[in-house]
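Q: everything below, folded, please.
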Amino acid sequence: MDQTERGEVAGQAGRTRRVRKLGKRISEARRLRGLVRDPDLQAVELERRGRRTLLGLWFFLALGLVYTTEGVHAFLSEGTTPADPLWWAAWTVEPMFAGLLITLLNFESVILSHGVGPDHRWWSRLKHVLLASTLAMNVIPQLVPLLRGEWERFNLGSLAVHAIIPVIVYGIAEVIPVIQARQREIVLKVYDQADEHEARRAATEEPERVQPKPPAPIESATEPALSPASRPEPAPPRKTPSVLGKLPGSLRETVTALAASAHQQGRPVTVEDITQRVALPEVMVTALVEELNTTVNHHPVPV
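A: Down below sits the predicted model:
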């Protein structure tokens with residue numbers, strides 16, 4: 001038994017169950033790495049996580065609006081009863097203010113995602129008026145006992161909560177459109193990068209096209225026809241560049257050695273053989289396997 005046969009036997013003996021299992025896991029990890037880096041998957045994951053964030057913010061915004069609505073109602077309906085229409089109308093004031101604010105901020109998120117800001121002084125003024133109105137109607141009822149000298153009815157904790165919650169509600173309403181705008185901006189940027197990558201890959205993988213030959217000139221009756229020996233020979237067709245020839249030297253030697261080892265064992269090269277040793281795109285691996293099973297370094301494989 002020569003040295004080559006002893007090496008092949010030792011290599012086959014070393015492929016234990018654990019080695020094969022680890023090889024499959026390595027191949028799976030390499031394929032998973034390409035999928036995780038896929039820009040479409042990244043955009044979908046970003047949108048999914050963004051929806052969860054926005055749902056949480058809207059939920060807590062609604063809780064805050066319930067609290068501020070009660071404070072505004074207590075301020076407007078003081079001294080009235082449910083028999084008075086003003087008692088019922090007071091419940092609509094805070095939802096109206098909050099609805100106006102949310103509508104403005106939603107439109108602001110749309111224009112911010114296109115790189116345009118609301119450059120108008122009344123845009124900020126209206127938002128500040130809505131916040132100040134809600135804040136004042138929540139805080140003033142808590143300060144009335146203090147102004148009247150009724151210290152036993154004054155509650156510092158209630159004053160702090162009625163002052164902080166409207167500010168938090170306003171801040172959440174301001175943050176939601178910013179999140180929507182930034183999310184849309186990142187998704188569009190990811191898609192632009194994906195389009196550029198696909199365009200570059202298509203340009204590098206597109207085979208060279210053979211230029212069409214111009215039509216042969218019609219022989220004139222007055223000119224003698226050329227003999228077959230004197231006619232110029234047609235140019236040989238241009239060969240499509242091989243995938244193996246595009247690889248760097250170290251990768252080309254590794255792949256060639258894999259092919260030679262597989263052919264000596266009397267079997268063709270498989271995709272798994274290559275992916276276990278080198279990391280290449282799936283399209284290139286498929287083309288490389290087809291080429292290696294026919295030629296190695298442009299020499300026919302012996303059968």
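
Q: in the stretch 201-303 of the chain, where is pLDDT below threshold?
A: Within the stretch 201-303 of the chain, the set of residues satisfying pLDDT under 70 comprises 205-241, 249-251, 279, 295-303.

Q: let's go with 80 and repeat that
A: For the stretch 201-303 of the chain, residues meeting the criterion pLDDT under 80 lie at 201-255, 258, 261, 265-266, 271-285, 288, 292-303.

Q: going by neighbour count, which residues in stretch 266-276 are buried?
A: For stretch 266-276, the neighbour count (16 or more other CB atoms under 10 Å) marks 269, 273, 274, 275, 276 as buried. Yep, even glycine has a C-beta here, placed from its N, CA and C like the rest.

Q: of all those residues, which comes closest to residue 181?
A: Lowest distance from residue 181 to the buried residues of stretch 266-276 (CB to CB) belongs to residue 275, with 41.1 Å.

Q: for the closest one, give its distance to residue 93.
A: Counting by CB to CB, to the nearest Å, the gap from residue 275 to residue 93 is 66 Å.

Q: what's the answer for residue 193, then?
A: Distance, residue 193 to residue 93, by CB to CB: 48 Å.

Q: if you count surrounding residues, which of the two has more?
A: residue 93 (18 against 12; other CB atoms under 10 Å).

Q: if I look at that one, how far off is residue 79?
A: From residue 93 to residue 79 the distance is 16 Å (CB to CB).

Q: can you read off the pLDDT for the nearest residue to residue 77 once chain neighbours are set aside?
A: Spatially, and ignoring its direct neighbours in sequence, residue 77 is nearest to residue 90 (4.2 Å; CB to CB, 6 or more residues apart in numbering). pLDDT for residue 90: 89.

Q: ok, residue 90 - contacts?
A: Shown in contact with residue 90 (CB atoms under 8 Å, 6 or more residues apart in numbering): 72, 73, 76, 77, 80.

Q: name the SS class of it, please.
A: helix (DSSP: H, G, I helix; E, B strand; the rest coil).

Q: picking up where we left off before, and which of the contacts of residue 90 is nearest residue 262?
A: Among the contacts of residue 90, and counting by CB to CB, the member closest to residue 262 is residue 72, at 78.9 Å.

Q: list the buried residues for the host helix or strand of the closest one?
A: Secondary structure from DSSP states H and E places residue 72 in helix 39-76. Neighbour counts over helix 39-76 (16+ other CB under 10 Å) mark 39, 42-43, 50, 61, 64-65, 67-69, 71-73, 75-76 as buried.

Q: now do the helix ranked longest in the chain: which elements does it pack against?
A: Longest among the helix segments of the chain by residue count, using DSSP state H, is helix 156-205. Taking 3 or more CB pairs under 8 Å, 6 or more residues apart in numbering; DSSP states H and E as contact, the helices and strands that helix 156-205 lies on are helix 39-76, helix 93-113, helix 121-147.

Q: export the very next helix or strand once past it as CSV, just CAs?
A: Using DSSP H and E, the next helix or strand after helix 156-205 towards the C-terminus is helix 243-246. Extracted as CSV, the C-alpha positions of helix 243-246 are listed here (Å, rounded to 0.1, in the frame of the first residue of the first chain):
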residue,chain,number,x,y,z
VAL,A,243,-15.5,29.8,-11.8
LEU,A,244,-12.3,28.1,-10.6
GLY,A,245,-10.2,30.7,-12.4
LYS,A,246,-11.8,33.5,-10.5
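
Q: which residues touch helix 243-246?
A: By CB under 8 Å, 6+ apart, helix 243-246 touches 252, 255, 256, 284, 287, 288, 291, 292, 296, 297.

Q: give me the pLDDT for the residue nearest to residue 140 when sequence neighbours are not counted.
A: In space, and not counting its chain neighbours, residue 140 is closest to residue 75: 6.1 Å by CB to CB, 6+ apart. At residue 75, the pLDDT value in this model is 85.

Q: can you tell me which residues contact residue 75?
A: Counting by CB under 8 Å, 6+ apart, residue 75 makes contact with 137, 138, 140, 141.

Q: how much space separates the second one from residue 285?
A: When CB to CB is the yardstick, residue 138 and residue 285 sit 65 Å from each other.

Q: that older thread, report the angle between the helix holding residue 72 and helix 121-147.
A: Orientation check (axes from the mean of the first three to the mean of the last three CA atoms, to 10 degrees): helix 39-76 against helix 121-147 gives 40 degrees.

Q: helix 39-76: how far from the chain's middle?
A: 23 Å (CA atoms, centre = their mean, to the nearest Å).
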